[in-house]
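Enquirer: 3D model of this:
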Amino acid sequence: MRSLLRRHVASVVLLAIGVGAFLGLRLGRARPRRPPALRSGRQPRPQLPQGDGGSLLGSLPPSTPPASTTPRADPAAMRREAARPVPPAGAPPEPASAGRDAAVAPPAATAPAAADARAAAGARAAAGARAAAARAALARVRHGFRRRPALAGAIAAIALAGVGAAAGYVLYARDAGSDVVGSSTVEFVVTEPPVATTTAPPAATTTTPAATVPARPARPALPPVVWPTYGFDNRRLRTVPSALRPPFRSVWTFGRRSLLEFPPTLAYGRLTIALNHGDLYSLDARTGKVKWMFPSGRCVAASPAVANGIVYASFLNRPPCNSKADGLDGEVVAFAALTGRIRWRAAVGPTESSPLVANGLVYVGDWSGKVLALDAASGAARWSFQTGGKVKGAAALADGRLVIGSYDGHVYSLDARTGALIWKASAQERLGARGTFYATPALAFGRVYIGATDGKVYSFGASTGKLRWSQSTGGYVYASAAVWRRLVLVGSYSGRFLAFDAATGEERWRFTAAGPISGSAVVIGDVVYVSTLARRTYALDAATGKLLWTFPEGKYAAAIADVGRLYLVGYTLLYAMVPGR
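Expert: This is a model prediction of the structure:
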């Protein structure tokens with residue numbers, strides 16, 4: 001109802017101002033531009049001759065009476081007037097009494113004087129004509145002053161129309177950007193998405209088609225893939241069943257004095273983690289010892305992915321990491337998971353998009369605005385799709401649809417096999433620029449959940465792309481959401497960590513952390529872990545938001561886990577932790 005009233009108020013205001021502007025302009029044109037003499041039935045007065053020197057008012061002799069009251073001069077008067085001496089050119093005007101004295105002057109007695117009188121009479125007639133023209137001009141000026149209120153009204157109406165239009169736009173933008181409450185009956189699938197466990201690899205990322213497996217002697221099976229990709233699975237739900245609960249204590253740490261912005265993967269008994277300065281490490285999950293390392297010489301801001309014995313990693317440009325120079329490039333590199341041997345390298349734009357592996361393809365986005373599908377075996381490009389801005393987040397996959405956000409303010413749904421566009425959605429309009437999408441989407445319940453830089457969390461229909469709900473958080477949302485049961489759990493730069501109803505977007509609980517939240521949360525068991533830029537990690541009850549435990553480390557990514565350990569990502573250190581004090 002409030003939204004409807006806002007729309008109607010804005011419409012009425014704009015309509016009233018528009019009508020006022022129209023009437024003001026009509027009033028300004030209602031009286032034709034005619035001199036007063038024509039309106040009163042009198043003949044127009046003579047116009048001021050061109051080329052006459054002096055100003056308009058200076059040409060009017062002060063002794064000359066108005067033309068309407070001056071009697072026609074008879075011959076005797078003309079003879080008396082001729083006796084009056086003609087003032088030299090440029091002489092100052094005479095005082096008013098001189099005209100009265102001239103009326104009783106004696107008549108001229110000589111012929112030269114008569115000629116001079118006739119010349120003087122002609123000069124006086126010309127002066128009278130100039131005076132009449134001046135009076136007509138003054139009358140027009142006075143007429144203009146009488147019209148000025150109507151003109152001022154028209155100008156005021158136009159100004160009000162501009163103000164009204166601006167006010168209407170403000171109301172429209174505020175209304176268009178207001179929070180939207182969703183419905184549990186519209187494009188919402190009640191069945192929860194399947195959740196993989198931490199003891200067996202997801203089938204979509206680890207099973208090699210039988211036709212591509214060469215005949216060879218059987219060899220011992222690799223340890224399981226526990227945490228294969230950023231966000232745990234290809235839907236990017238960031239939720240895993242587990243019996244682990246805080247408190248925890250550290251059993252080993254790893255660090256190389258470089259920022260750890262994204263979490264590791266865990267497969268085949270190895271943790272694979274990328275450091276911001278460009279080195280990729282494979283660590284023994286039990287001891288933390290280095291098994292192999294790849295120095296890329298590039299910047300890194302993504303998690304690797306593991307599938308079929310291969311580690312796939314994305315790399316940005318060479319330092320400086322935040323360079324805005326033209327011609328920057330990046331690459332995606334595939335490594336043998338156990339040895340680190342390079343299988344292939346693919347040149348792309350600078351990419352901080354954590355790879356997604358499925359359907360024999362590796363999906364990434366890059367700073368050139370492309371979404372790319374690379375052959376998982378060779379790195380060859382299979383298809384690409386061009387967006388209108390940088391693609392910084394990772395893609396999510398469900399039901400054959402690849403969903404990814406872009407810095408052009410849109411979310412795209414693409415056919416995962418062909419790259420064809422299915423739909424394109426956008427952030428809500430607001431004053432200023434629209435929000436952009438850095439966060440990686442999460443796909444659940446037939447919905448897409450994604451945060452934006454306008455401070456909102458959005459839910460779009462996965463099939464249609466239509467906005468189903470939006471909720472404000474009070475700050476930028478760079479973090480990707482975790483979806484647990486029917487809650488969407490996400491933090492923002494406001495320091496708020498919020499739980500929204502997955503169907504309607506209504507807030508279920510909130511926790512205020514001591515610092516902005518940039519990194520993504522993860523739910524392990526029934527505990528949600530989130531870190532802040534104030535370098536502290538919080539463990540909260542996922543159902544209620546109750547604080548269970550804190551650890552004085554962490555900044556971006558929170559943690560991953562296996563059956564018996566929590567691997568907490570600090571600012572520069574990776575902690576292997578077990579339950580206990």
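Enquirer: residue 481 contacts residue 490, doesn't it?
Expert: Yes. With contact defined as CB atoms under 8 Å, residue 481 reaches residue 490; the gap is 4.1 Å. (Glycine included, C-beta is placed from N, CA and C.)
Enquirer: what is in contact with these two at once?
Expert: Contact with both residue 481 and residue 490 is made by residues 449, 451, 457, 521, according to CB atoms under 8 Å, 6 or more residues apart in numbering.
Enquirer: the last one contacts residue 489, correct?
Expert: Yes. Taking CB under 8 Å as the definition, residue 521 is a contact partner of residue 489 at 5.4 Å.
Enquirer: mutual contacts of the two, please.
Expert: Counting by CB under 8 Å, 6+ apart, the residues touching both residue 521 and residue 489 are 481, 482, 497, 528.
Enquirer: so which of those are in strands?
Expert: Secondary structure from DSSP state E places 482, 497, 528 of those in strands.
Enquirer: between residue 521 and residue 489, tell me which one has more neighbours.
Expert: residue 489 (30 against 26; other CB atoms under 10 Å).
Enquirer: tell me who's in contact with residue 493.
Expert: So residue 493 contacts 455, 475, 476, 477, 478, 516, 517, 518 (CB under 8 Å, 6+ apart).
Enquirer: of those, which belong to strands?
Expert: Going by DSSP E, the strands hold none of those.
Enquirer: closest to residue 422 among these?
Expert: residue 477 (24.0 Å; CB to CB).
Enquirer: for that closest one, give me its contacts.
Expert: Counting by CB under 8 Å, 6+ apart, residue 477 touches 439, 451, 452, 453, 455, 456, 457, 490, 491, 492, 493.
Enquirer: wait, doesn't the first one sit right on residue 454?
Expert: By that I understand residue 439. No. With contacts counted by CB under 8 Å, residue 439 stays clear of residue 454, the gap being 11.8 Å.
Enquirer: just want to know which of those two has more residues nearby.
Expert: Shown here are residue 439 and residue 454; by other CB under 10 Å, residue 439 has more neighbours (27 against 23).
Enquirer: checking that one next. Helix, strand or coil?
Expert: coil (DSSP: H, G, I helix; E, B strand; the rest coil).
Enquirer: so which of the shared contacts of residue 521 and residue 489 wins on neighbours?
Expert: Neighbour max across the shared contacts of residue 521 and residue 489 (other CB under 10 Å) = residue 481, 31 neighbours.
Enquirer: now the phi/psi pair for that residue, please.
Expert: phi -80, psi 150 (degrees, to the nearest 10).
Enquirer: do the same with residue 129
Expert: phi -60, psi -40.
Enquirer: any idea how many residues pack against it?
Expert: Residues near residue 129, counting by other CB under 10 Å: 17.
Enquirer: ok, residue 546 next?
Expert: Neighbours of residue 546 using other CB under 10 Å come to 11.
Enquirer: and for it, nearest residue in space, chain neighbours not counted?
Expert: In space, residue 546 comes closest to residue 540 once its chain neighbours are excluded; the distance is 6.5 Å by CB to CB, 6 or more residues apart in numbering.
Enquirer: could you do residue 572 as well?
Expert: Leaving aside its sequence neighbours, residue 572 is closest to residue 255 (4.9 Å, by CB to CB, 6+ apart).
Enquirer: now tabulate the contacts of residue 493 in JSON lines and tack on pLDDT and distance to residue 135.
Expert: Formatted as JSON lines, the contacts of residue 493 follow (pLDDT from 0 to 100; distance: CB to CB, whole Å):
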{"residue": "455", "pLDDT": "96", "distance to residue 135": "69"}
{"residue": "475", "pLDDT": "96", "distance to residue 135": "72"}
{"residue": "476", "pLDDT": "96", "distance to residue 135": "72"}
{"residue": "477", "pLDDT": "97", "distance to residue 135": "75"}
{"residue": "478", "pLDDT": "97", "distance to residue 135": "77"}
{"residue": "516", "pLDDT": "97", "distance to residue 135": "77"}
{"residue": "517", "pLDDT": "98", "distance to residue 135": "80"}
{"residue": "518", "pLDDT": "96", "distance to residue 135": "79"}
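Enquirer: need the buried ones from those selected in PyMOL.
Expert: To isolate the buried ones among those in PyMOL, judged by 16 or more other CB atoms under 10 Å, type:
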select buried, resi 455+475+476+477+478+516+517+518
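Enquirer: of the contacts of residue 493, closest to residue 503?
Expert: Out of those, the member with the shortest distance to residue 503 (by CB to CB) is residue 477, at 19.5 Å.
Enquirer: pLDDT weak spots in this structure?
Expert: Applying pLDDT under 70 to the chain flags residues 1-117, 119, 138-157, 159-176, 192-222.
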